[in-house]
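Chemist: What follows is a predicted protein model with its sequence.
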Amino acid sequence: MATTISNPPYNMKWQHPFFAQSQERFMLGVPPQSNANYAFILTALSKQDKAVFLLPNGVLTTNNKEEQAIKKSLIEKNYLEAVIALPERMFESTSIPTSLLIFNKKKQTSNILMINADSLAKEEVREQRGQVGSKSHTNRVYKKRINVLPNEAIKKIESFLDKPGDEQGVSKVVPIER
């Protein structure tokens, strides 16, 4: 089964066509023009049965009516398979916390696996080199703290994806209420 894997631009504005409601990819709702996160998700799910997205945590806690309706529909249709909440500062270019959202239109259970990877992360200090500007910027070296998931953490997450289960503070299998 083919899978879409995507790290789209976060919270990007977009212009949907005036006939968006008639497009198959938007049958669960048309995302607001102020944020294309769900447009990326819906487009992928219109083409594939499985999709994995790396998105900011705001996609899960949105107050936008259109986004809330789409999120609710994705859950009611039983498409959301797992959410892996990643720790903040995992990327050198941004400190915002992100999540991996795993969608599967043909999953066999009515549960969503929730994983909190915060406690699995290790802090690393990396040297950064200035890249833009005058010589005072390009010649400087500074240290930046980031969080990484060591191989053991990745294996633990994979084991939960293979065999979902509850572990205090790390994972929880949540039944979808219908």
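Modeler: Structure's in. What do you need?
Chemist: Do a quick rundown of the helices in the chain.
Modeler: If you assign secondary structure with DSSP state H, the helices in the chain sit at 37-47, 65-76, 135-138, 151-162.
Chemist: okay, those in a markdown table with distance to Phe26 and mean pLDDT next?
Modeler: To be clear about C-beta, it is placed using only N, CA and C from the backbone, and glycine gets the same treatment. Shown next, in a markdown table, are the helices of the chain (distance: least, CB to CB, whole Å; pLDDT from 0 to 100):
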| stretch | distance to Phe26 | mean pLDDT |
| --- | --- | --- |
| helix 37-47 | 6 | 95 |
| helix 65-76 | 9 | 95 |
| helix 135-138 | 44 | 62 |
| helix 151-162 | 29 | 96 |
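Chemist: so of those helices, which one's packed in deepest?
Modeler: Across the helices of the chain, averaging neighbours per residue (mean count of other CB atoms under 10 Å) puts helix 37-47 on top, at a mean of 21.
Chemist: And the contacts of that one?
Modeler: Outside helix 37-47, the residues that touch it by CB atoms under 8 Å, 6 or more residues apart in numbering are 4, 6, 8, 10-12, 14, 16, 24-26, 28-29, 31, 51, 53, 55-56, 59, 66-67, 70-71, 74, 79, 101, 103, 105.
Chemist: check contacts around Gly29.
Modeler: Under the criterion of CB under 8 Å, 6+ apart, the neighbours of Gly29 are Tyr38, Leu42, Glu66, Ala69, Ile70, Ser73.
Chemist: Quick check: which ranges of the protein have low pLDDT?
Modeler: Applying pLDDT under 70 to the chain flags the ranges 1, 17, 19, 130-139, 178.
Chemist: What's the separation between Pro9 and Phe53?
Modeler: 12 Å (CB to CB, to the nearest Å).
Chemist: Look at the two and report which has more neighbours.
Modeler: Higher neighbour count among Pro9 and Phe53: Phe53, with 21 against 10, using other CB atoms under 10 Å.
Chemist: For that one, which non-adjacent residue is spatially closest?
Modeler: With sequence-adjacent residues excluded and distances taken as CB to CB, 6 or more residues apart in numbering, Phe53 is closest to Leu101, at 4.8 Å.
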